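1. what follows is a predicted structure for the sequence shown.
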Amino acid sequence: MMPILVLLPLWAIMYLGAFGEKPVDEAALDPIARGKIVYEQKAGCGSCHGAGGGGGVGPKLSAGEVSLTFLTAEEQIAFVKAGSSPVKGQPYGDPGRPGGQRIAKSGGMPSFASQLTDEEIADVVAYEREGF
């Protein structure tokens, strides 16, 4: 009986530990999955663009909207790196966009060039273009 009582606390710790969150190996994920993690957890994009990219303070990104504004991922990456301050009050994106170009009304989107790596920005852009 005594050995069981001694091992019971150790068993309880191991048992409860089995239900905790497992760390995610981000390097093993595809770019869209990594981009989702950065979008939701590191960059906080959802606070302006909505958790599912449906818009809010910032424009809608889901349902192909971002691809209408930026024809290429490279154009979008450059915008994310620079933020909207450089184009505040001006049109940006594809001039042939249905409904016309977007206007950077507030210039409130920050530059992410110093906050995220180039790979993280590319991953977020991949998620915004293909993951919603």
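-> Alright, I've got the coordinates.

2. please name the residues that touch the residue nearest the centre of the chain.
-> Geometric centre of the chain, nearest residue: Y39, 1.4 Å, by Cα atoms, centre = their mean. Y39 makes contact with 45-46, 124, 127-128 under the criterion Cβ atoms under 8 Å, 6 or more residues apart in numbering. From N, CA and C alone the C-beta is placed, and that goes for glycine too.

3. residues near the nearest residue to it once chain neighbours are set aside, how many?
-> Sequence neighbours aside, C45 is the residue nearest to Y39 in space, at 4.5 Å (criterion: Cβ to Cβ, 6 or more residues apart in numbering). Here the number of neighbours of C45 (other Cβ atoms under 10 Å) works out to 23.

4. one more: G89?
-> Using other Cβ under 10 Å, G89 is surrounded by 10 other residues.

5. please report how far it lies from R102.
-> Separation of G89 from R102 (Cβ to Cβ, to the nearest Å) stands at 12 Å.

6. A73 now?
-> 17 Å.

7. of those two, which one has the most company?
-> Set side by side, A73 and R102 show more neighbours around R102, with 20 against 16, by other Cβ under 10 Å.

8. list the backbone torsions phi and psi for the more buried one.
-> phi -80, psi 150 (degrees, to the nearest 10).

9. all set now, cheers.
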